[in-house]
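Participant: for reference, the sequence and a predicted model appear below.
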Amino acid sequence: MKRVAIFISGGGSNMVKLVESMTGDHPARPVLVLSNSAEAGGLAKAAEMGVPTAVVDHRPFKGDREAFQEALQAELVKAAPDILCLAGFMRVLTASFVEKWQGRMLNIHPSLLPKYRGLHTHARALEAGDAEHGCTVHEVTPELDEGPILGQAVVPVRPGDTPDALAARVLVQEHRLYPAVLRRFAEGNREPLRLSAE
């Protein structure tokens, strides 16, 4: 059985879907939900679902990212996960941390990578006049939003869409895609999965 740690910074809606999926014959189980903020709403949700939680506040480490990452690593050593899922974790992790977990760390990003790495993806897709948008689960590598793609879910862009409206529809697909990819990944399947909006 694979052990999964999930990193969050906010409400943790993707984390909830991942935890809910890891039951029955699923080849993985959640062992830790970790946040960089004690105020993250997802921590209470994880605790309610019986998943151990931890907080490593990034603020005391201001200007010392390596020390922050060492504190994250110390929590991971205690939980001994096999797979690390970033689910709305809003801190950039440097190469020294990523390389320890490379090949075992997943992230979900709200665009059809390689388009729109970084932030404000929904607005950027609308500004470009794209006909479709979506989300990507990928392996994490030291370069931002660059790792091998494990799955994508496609959402059509509708006339009159706003960034918020588009984001809401993409989030629905994130909640389908991430659990599906995690299950395949835990089984050793890294073939990219492609979903279309229902």
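Facilitator: Done, it's in.

Participant: neighbours of Met1, just the number please.
Facilitator: Other residues near Met1 come to 11 when the count uses other Cβ atoms under 10 Å. Every residue, glycine included, has its C-beta placed from N, CA and C.

Participant: one more: Met22?
Facilitator: Met22 has 21 neighbours, counted by other Cβ under 10 Å.

Participant: send me the longest helix seen in the chain as CSV with only the CA atoms.
Facilitator: Identified as the longest helix of the chain according to DSSP state H is helix 163-186. This file holds the C-alpha atoms of helix 163-186, laid out as CSV (Å, rounded to 0.1, in the frame of the first residue of the first chain):
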residue,chain,number,x,y,z
PRO,A,163,-12.1,34.0,-15.4
ASP,A,164,-14.2,33.0,-12.4
ALA,A,165,-16.8,31.1,-14.4
LEU,A,166,-14.1,29.3,-16.3
ALA,A,167,-12.2,28.5,-13.0
ALA,A,168,-15.3,27.0,-11.5
ARG,A,169,-15.8,24.6,-14.4
VAL,A,170,-12.1,23.7,-14.5
LEU,A,171,-12.2,22.9,-10.7
VAL,A,172,-15.0,20.4,-11.3
GLN,A,173,-12.6,18.6,-13.7
GLU,A,174,-9.7,18.9,-11.3
HIS,A,175,-11.8,17.0,-8.8
ARG,A,176,-12.2,14.2,-11.4
LEU,A,177,-8.7,14.2,-12.8
TYR,A,178,-6.4,14.3,-9.8
PRO,A,179,-7.9,11.2,-8.0
ALA,A,180,-7.9,9.3,-11.3
VAL,A,181,-4.3,10.1,-12.0
LEU,A,182,-3.2,9.4,-8.4
ARG,A,183,-4.7,5.9,-8.6
ARG,A,184,-3.0,5.1,-11.8
PHE,A,185,0.3,6.5,-10.6
ALA,A,186,0.1,4.5,-7.3
